[in-house]
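J.: here is the input, now give the coordinates:
(6 chains)
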Number of protein chains: 4
Amino acid sequence: MVRERKFSDEDLFLATKELLLDYGYEGFTFGLLAERLGVSRSALYKYFGNKEELIMEFMMYELDQFMDKLRKINDYNRFEDQFDYLLELLMNHPQIHQLIEIGRHVPVNNQKLKEKNDKLDGLHLDMYQSLVGFVQQGKGEGKLKPHIPDTLIVGYILQSFLVPNFAQIPHSEWVQSIKEIIRNGMFTDDH
Amino acid sequence: MVRERKFSDEDLFLATKELLLDYGYEGFTFGLLAERLGVSRSALYKYFGNKEELIMEFMMYELDQFMDKLRKINDYNRFEDQFDYLLELLMNHPQIHQLIEIGRHVPVNNQKLKEKNDKLDGLHLDMYQSLVGFVQQGKGEGKLKPHIPDTLIVGYILQSFLVPNFAQIPHSEWVQSIKEIIRNGMFTDDH
Amino acid sequence: MVRERKFSDEDLFLATKELLLDYGYEGFTFGLLAERLGVSRSALYKYFGNKEELIMEFMMYELDQFMDKLRKINDYNRFEDQFDYLLELLMNHPQIHQLIEIGRHVPVNNQKLKEKNDKLDGLHLDMYQSLVGFVQQGKGEGKLKPHIPDTLIVGYILQSFLVPNFAQIPHSEWVQSIKEIIRNGMFTDDH
Amino acid sequence: MVRERKFSDEDLFLATKELLLDYGYEGFTFGLLAERLGVSRSALYKYFGNKEELIMEFMMYELDQFMDKLRKINDYNRFEDQFDYLLELLMNHPQIHQLIEIGRHVPVNNQKLKEKNDKLDGLHLDMYQSLVGFVQQGKGEGKLKPHIPDTLIVGYILQSFLVPNFAQIPHSEWVQSIKEIIRNGMFTDDH
DNA sequence: AATGAATGAGCGTTCATTCAT
DNA sequence: TATGAATGAACGCTCATTCAT
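T.: Now for the predicted structure:
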C-alpha cells in the first residue's frame, strides 16, 4: 500500500552515533546524516520533529540497549565476576560515556523535549546507581580501596576506554592492560 | 608612525583558549573572539587567514608553552621525581589534552593548512616522545610495569585529568586519589 | 464496489473557508486541511492539482452560492426592499469580501490556473454587475445620489462590513449604524 | 574608511511597505526584499536582527511619519476644517490602516521585541486617541450624529480609503464622492 | 481511492570570508 | 592597521508536490 522506506531506524541510529562521535553535537547536522543515509534532509523530519528530538531518541535507544546489558551485572554474585563482566561490557561499548557527555549538550527548549530529557536522565541515573552499587559491593567485599571516592572510581573506569589506541596495540592485550591498571595501577609492587 | 595593534598575540590566544574550552570547536566563532578583543571581525583576518589557521596557530602556541615546561622533566633524575613533576604539571594544565582533542576536529582542507597541521603533529610527537621517554625511564628503573604498553600509560595519565568531578570532591583529595589509582590501582592488595 | 470517499466537497470547502479566514492565504496549508478532514495530505491531490487550484475551486463554489442568493435580489421590485435584502445578505456573509481579497493573493502561474482565474473573474463580474444593476435601479428611482460613481457605491457597501468592531458594540446596534451611515452619512442635517 | 552602503533606510522601508501591502505579513520574505534592493538576504541582517524586528522598525517609522502629520489636525479649530485636513491626509496615506492591521500579525517572542511592540502600541494609541478626539469634537459641535459609536466612525473613515477604485474614476472625483458619502451618505434627501 | 515515503524549493538565520575605503 | 558593508554557503526547518504501493 505504500512505498518502502529507504533506511531503517537502525541505519539511522548507527549513522547518528558515528557522526556524533566524529563531529560532536554542534558539528552533527541533518545534512551530514541525510548524505550518509542517501536521502534528502527533509526526509528525516518525517521521523524526528527536530534535531534535538532525533538525538534524544538516539540517546535513549543507545542507553536502553546498554542498560539491558548492564543490569545483567546482578546475575553475578562475586565482585570479581561483576568486574570482569563490566569491563567486557564497556569494551564493547567504549563510547557510551562520550555519548552521554554529548547528550548533555542538547538544549532542552520545550515541554516535549523536557519529557524526553527527564526519561533520559532517568536512564542515566539507573546506570549511575547500578555502577555505584557495584563499587559499593566492591568496597563491602574489601576489594576496592575504601578511601577513593565512588564517583572517581566510576568515572575512571568509564574514562579508561576512551584512551586512544594510537599505536594499534592488539585489542586483547590492550584490554588486559587496562584491567591491570585499574586493578593494581601502573607501578610495580617493590616500592 | 605606524598604528599600534589593538591586541597582542597573548591576548588573542588567551581569549581563543577560553572560548574553545567554553564553546568547543564548532561553537567558537570569529564574532565571539572579535567581541572579546574589542575589534572587528575583519581585523582578525589580517593575522590569520581563516578560522582553521587561527586555531592551528593557537594550538602550536599552547603546545609550545606546554612543551617548554614538559622538557623540564629532564631536570629530574629519578623517575619518582619526574612522575611527581609530571602530575603537578598536568594538574596545572588540565585542559591540554582536551585542547588537543579539539584540535583534531579542525578540518584540514588546503595545502597551507596541511603544513601547519604537520608542524602541529610534529609538536605533538615531541610531546608524545617526551612522555614515552619518561615512561621508559620508569620501566628502566623497574618502577613501571614493563608489560603495559607505553602508549597506554601515556594516554592513561593524560586521560586521568579529564574524569569529571561531578560530586565536587575537594581538589587535593581528588588529585591524591588519581595519583594513587595511577600508582597502585583501585584494588586493595589482599588478593 | 468502489471505495467511498472519506470526505465530501462540502466538508472540504467548509474547512477551507475556515482555515483561509483564520490563517490567510499564506498560512493556509494542505497539512492543516488534511488534518481537519482526517485524511492524508496526498489524498487531496486526487481532487485538486495544487494549492492554488484548490483555493480557486473553493472561491468559485463560495461565490456561486453567494450569487444564488444575490440573484434573489430581483425578487424585490422596490429599491428600498432590495437594499434591505442586500444588507441582510451581507450581514450573513460578512467575509465574502475578505475571501475575495484573499483570492486576489493567489498567484496565477500556469494555463490551467489562468482558465480558472478567468472563470472566477467571470463570477466576480456577475456579482459586480448584479450590484451595479441594483445601484442603477436606486439611481433610477431617485433614491441614490446620481453623481456618486456606481463602483464606489458598490465597493463602499461591501467594505462597510469589514470595519473591525474592536469596541464590541452589540451587533444589532453596529448594523443599524452602518445602515444609517450608508443611507444618510455621519453628519447631521443642520449644515 | 569604509565601503558605501548599497541602499538607504528609506529605500528599505519603501520596499518593505510595498511588499507588505502586496504579500501580507506571511508572504513578506527577506528574499523578496533583498531581491528588490539588489542585495543578498544576509546583508539585511546587518541592520535588523530578524524579520519581526525589521517590520516593527518599519511600522514605527511609518506611523511616526503619519503621526507627525496627524497631530497637525489640532492646528485647526473648527471641526469642518479638521475633517478636511484629515481626509486630505488619509488620501495621501491610504494604506495606513491596512499596514496597522498587518502589524498586528507580527508575533512578539522576546523582550527586545516586546519593547518595540509596546512603543508601537503607544503610537497606535496616540493615533486612535487623536481620532477619537476629533470625533468627539465633531459631536460636541453638533456636526456628527451622536448615536453612532465613535469607533465605528473612526474605523469607517479609515476604511473608506481602502475601497478599490477598479473603474479608475479620476482621483479628485473619487475623493469628493467619498467625502460626500461620509458626510451625507449615499441616499438623497427626499425620503 | 488513499496512503506513507520522499523530494526540492524556499524560508529565517548564522557565520566565515572578502571588499572597498 | 582597521573598519563596516556585503556575500555565499550552510544550517534547521516547513511545505507543496510527486512516487510507489
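J.: what about the closest residue to A:E18 other than its chain neighbours, how many neighbours?
T.: Of all residues not flanking A:E18 in the chain, A:R36 sits nearest, at 7.9 Å (Cβ to Cβ, 6 or more residues apart in numbering or on different chains). (C-beta placed from N, C-alpha, C; glycine too.) By the measure other Cβ atoms under 10 Å in any protein chain shown, the count of residues near A:R36 is 16.
J.: for the residue nearest the centre of chain A, what are its contacts?
T.: Nearest to the geometric centre of chain A sits A:I96, at 1.4 Å (Cα atoms, centre = their mean). Counting by Cβ atoms under 8 Å, 6 or more residues apart in numbering or on different chains, A:I96 touches A:E62, A:L63, A:F66, A:L90, A:L158.
J.: again with A:N110
T.: Contacts of A:N110 (Cβ under 8 Å, 6+ apart): none.
J.: roughly how far apart are it and A:E52?
T.: Using Cβ to Cβ, to the nearest Å, A:N110 is found at 9 Å from A:E52.
J.: for chain A, give the residue positioned nearest to chain C.
T.: Residue of chain A nearest chain C, by Cβ to the nearest Cβ: A:V2 (10.1 Å).
J.: and that residue, which of the three is it?
T.: Following DSSP: H, G, I helix; E, B strand; the rest coil, A:V2 is assigned to coil.
J.: ok, the one 5 residues further on next?
T.: Classification of A:F7 into helix, strand or coil gives coil, according to three-state DSSP.
J.: that one and C:E141, how far apart?
T.: According to Cβ to Cβ, A:F7 and C:E141 sit 74 Å apart.
J.: who's more crowded, these two?
T.: Between A:F7 and C:E141, counted using other Cβ under 10 Å, A:F7 has the larger neighbour count: 18 against 13.
J.: check contacts around the residue lying closest to that one once chain neighbours are set aside.
T.: With sequence-adjacent residues excluded and distances taken as Cβ to Cβ, 6+ apart, A:F7 is closest to A:L37, at 4.7 Å. Applying Cβ under 8 Å, 6+ apart to A:L37 gives the contacts A:K6, A:F7, A:D11, A:L12, A:A15, A:L44.
J.: weed out the non-buried ones from those residues.
T.: Burial by neighbour count, 16 or more other Cβ atoms under 10 Å in any protein chain shown: within the contacts of A:L37 this picks out A:F7, A:L12, A:A15, A:L44.
J.: helix, strand or coil for A:M67?
T.: A:M67 - assigned by three-state DSSP - is helix.
J.: counting neighbours, what do you get for the closest residue to A:N109 other than its chain neighbours?
T.: Leaving aside its chain neighbours, A:N109 sits nearest to A:E52 (7.0 Å; criterion: Cβ to Cβ, 6+ apart). Using other Cβ under 10 Å, the number of residues around A:E52 comes to 19.
J.: could you say which helix or strand holds A:E52?
T.: Remark: A:E52 resides in helix A:51-71, with elements defined by DSSP states H and E.
J.: by contact count, what packs against whichever helix or strand comes after that helix?
T.: Going down the chain from helix A:51-71, the next helix or strand is helix A:79-92, by DSSP H and E. Under the contact definition 3 or more Cβ pairs under 8 Å, 6 or more residues apart in numbering or on different chains; DSSP states H and E, helix A:79-92 sits against helix A:51-71, helix A:111-140, helix A:150-160, helix A:171-184.
J.: now the angle between helix A:111-140 and helix A:79-92, please.
T.: Put simply, helix A:79-92 runs at 140 degrees to helix A:111-140, going by axes from the mean of the first three to the mean of the last three Cα atoms, to 10 degrees.
J.: would you list the phi and psi of the residue in chain A that chain B sits nearest to?
T.: Using Cβ to the nearest Cβ, A:E26 is the residue of chain A that sits closest to chain B, at 3.3 Å. With angles defined as degrees, to the nearest 10, A:E26 sits at phi -70, psi -40.
J.: follow-up on the earlier one: turn the contacts of A:I96 into TSV, columns for neighbour count.
T.: Shown next, in TSV, are the contacts of A:I96 (neighbours: other Cβ atoms under 10 Å in any protein chain shown):
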residue	neighbour count
A:E62	21
A:L63	22
A:F66	19
A:L90	20
A:L158	21
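J.: what sits against the residue nearest to A:K119 when sequence neighbours are not counted?
T.: Leaving aside its sequence neighbours, A:K119 sits nearest to A:M60 (Cβ to Cβ, 6+ apart; 6.5 Å). By Cβ under 8 Å, 6+ apart, the contact set of A:M60 is A:K116, A:K119, A:L120, A:L123.
J.: also A:I157?
T.: With Cβ under 8 Å, 6+ apart, A:I157 has these contacts: A:L86, A:L87, A:L90, A:L131, A:I182.
J.: now A:D9
T.: Contact analysis of A:D9 by Cβ under 8 Å, 6+ apart lists A:Y47, A:Y61.
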